[in-house]
Each structure stands twice: as C-alpha cells, then as structure tokens.
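Visitor: Sequence and predicted structure, then a few things I'm wondering about:
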Amino acid sequence: FAGSVTVNDLITTANSGTITLQGAANTFVAQVDFANAATVLGNDAADITTFNGGVIASANGTFNVQSTIRSSADALHFGTGVMTLAADASIDATNAGGSAAGGNINFGSLTGAFDLAVNAGTGGAIAVNTTTNITDLTLTRATGTTFTGNVTVNDLTTTVNSGTVTLNGAVNTFAAAVDFANTGLVTLGNTGDSSTFGNGVTFSANAASNLGGAIVTSGDVANFGTGGVTLGSDSTVDTTSGSAAGANIIFGAGIAGANNLGLTAGTGGAVTVATTTNITDLTLTSAVTNTFAGSVTVNDLITTANSG
C-alpha cells in the first residue's frame, strides 16, 4: 500500500505474503490479526498507523517498523517473531494520550540500531523477550516492563511513570549510563544473571531494587539510591570491569535478604552502606574505604588485603 489506508478490518491469511504499509496515515477500526509471515509498517519515522482494535500476530511473523504504531487502549501483541527497527519508531497504546489507560504491548525479539519509545499507558504492561543492538529504548509509561531474555541496548531510559522494571535475561548489557528514574521496583536478575552498565547505574527516583546476580560497571559509579535493596539470590556488585581503579558503590538505604553479597569497588572506589539486615555473607573484596552508617546484621563479614 503506497498511500494511506483507511479500512474497518484488514484480513490476512498464511498465504498473504509480505504486507507493506507505506502511507503517511493508516487507520484500522477492528482488531487486525497479521496471520501472514512478514509485515512492513511505515517507511518514514513520520508515518502513523493506528489500530483502534489492537493488533495480534497469530502466525508469529516478522515485523519491520520505521514509524509510529498506535492503538486506542487496545493490546498490541506482535507475537514471538522478530521485530526489526529500520528507523526511529514508537509504539503507543494510548493513541497519543487520547486513551490514557493504554493496553498491553508484547514483543518477541527486538533488533535494529535505532531508537524505540514504548507507551503502554496507566493500565498496560510491556513484555519483551530479547533486544539486540537497539540504540535508545525509552519506557515512557506502563504498570511494568518485563524483559524475559537478554537485553543489549545503548541506553535504557525510564520515567517516573515507567512502573516496575524487571530484567530476567542471563546477560544484559547497557553501553550508556542508566538512570532508573521510575518509582516501581527494579529487579536486576533472577539467580546467576549478569547486568553490565558500561557507564554506571543510578536510581534517581530512589526505587526499591531486587538483586539476583552480578551487577557490573566499567569503572563507573553504582548508586542504588535510598529505596532499599533486597537480595533475591547470591549477588555481586563490581565496578572494576576493565578498570582496576573501580568506582564508588553506594547503598543509601538498607540491604536485606538471606543471601551472599560481594562488593568490589577497586583501588579507587569507596563502599557506602546505610544498614544491612539478615545478610548471609558480606564480602568486601576491594575498596579504598567501607563505611556502614547504620546497624549491620550479617552472618559473616569477609575482608581481604585489598578491603581498605
């Protein structure tokens, strides 16, 4: 479709082949089920396609997106296939704010070196399997966002309206500094997982966090704010990846949870902890100083020659 499309319903089959929408403004009243194998949505970042009844992809086909995709508080479920960004894009279940409640937005795998903004509204959740080589991923608004697989992006941008953020992938990598500006619980790992924040991680909204694996930076600060940290499993925080000097590790509120925690701040970083409650073993691997401002309750405090 080279121009704009306005229809009640677009009906596809397994034999429909590739469907390409290149119009600047496309509108579908009924829910559209992409039962075909491949779909191209837009050929310019300014293109807008509105699915007023939402989207499903029963054939789990591929999507190529380079535009704005909207619904009026209806679910946008892109199946389990691969969505490739061919330009900066946005997925918005609130129809540009006209339906503030929004709806659930589900992705299989996301890839493509472009920016993507996702808005599920005040009542919708975002679910993503894996992301690969996304430039900047912005979680504008949602009740929560769950990444079940690995995440590789330049920057993950959250807002005060982003809800909870859960990273369950085994290996997650963020090139830019990540600031969790959301107020909902942030879960980093679910046993043995690793999340690398190449330029550090901060919690400017002081959200509570749950750690379940390794948190790594490349000589940049890891500041968990004052929201409190719970150890969901044995965990480590290490700011020395590729940089022996390391950087500061800051827990502005209590650390709790009957699991082990290892802290490595390097030859130049300091460890600051407010309080600890019921930690099993706390290992201070390396730091210039380690300061506990409040009460400490641990099974064992383990230090090394490099603990400062």
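Guide: All right, it came through fine.
Visitor: okay, CA-based contacts and neighbour counts for the rest of this
Guide: Will do.
Visitor: my guess is Asp300 meets Leu284, correct?
Guide: No - in this structure, Asp300 is not within contact of Leu284 by C-alpha atoms under 8 Å, at 11.0 Å.
Visitor: who's more crowded, these two?
Guide: The neighbour comparison of Asp300 against Leu284 (other C-alpha atoms under 10 Å) goes to Leu284, with 22 against 12.
Visitor: Can you list the strands that the host helix or strand of that one pairs with?
Guide: Assigned by DSSP states H and E, Leu284 falls within strand 276-286. In the sheet, strand 276-286 lines up against strand 255-256 (parallel), strand 261-264 (parallel), strand 296-303 (parallel) (DSSP bridges).
Visitor: Make TSV from the ones you listed and add distance to Gly123 and mean pLDDT to it.
Guide: Written out in TSV, the entries for these read as follows (distance: least, C-alpha to C-alpha, whole Å; pLDDT from 0 to 100):
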stretch	distance to Gly123	mean pLDDT
strand 255-256	30	98
strand 261-264	35	98
strand 296-303	39	97
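Visitor: can you list those in a markdown table and add distance to Asn172?
Guide: What follows is the strands paired with strand 276-286, written out as a markdown table (distance: least, C-alpha to C-alpha, whole Å):
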| stretch | distance to Asn172 |
| --- | --- |
| strand 255-256 | 23 |
| strand 261-264 | 19 |
| strand 296-303 | 28 |
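Visitor: Please read off the pLDDT at Gly169 from the model.
Guide: In the predicted model, Gly169 carries a pLDDT score of 97.
Visitor: what do you get for Thr20?
Guide: pLDDT at Thr20 comes out at 98.
Visitor: Relative to Thr84, how far out is it?
Guide: In this view, Thr20 and Thr84 are 14 Å apart by C-alpha to C-alpha, to the nearest Å.
Visitor: which outside residues touch the strand holding Leu284?
Guide: 254-267, 290, 294-304, 306-308 (C-alpha atoms under 8 Å, 6 or more residues apart in numbering).
Visitor: rewinding a little: mind checking which of Thr20 and Thr84 has more residues around it?
Guide: Summary of the neighbour comparison: Thr20 and Thr84, criterion other C-alpha under 10 Å, with Thr84 having more neighbours (21 against 16).
Visitor: got the contact list for the more buried one?
Guide: For Thr84, the contacting residues are 62-65, 110-112, taking C-alpha under 8 Å, 6+ apart as the criterion.
Visitor: where does it land in three-state SS?
Guide: strand (DSSP: H, G, I helix; E, B strand; the rest coil).
Visitor: gap between it and Asn36?
Guide: Applying C-alpha to C-alpha, the value for Thr84 to Asn36 is 16 Å.
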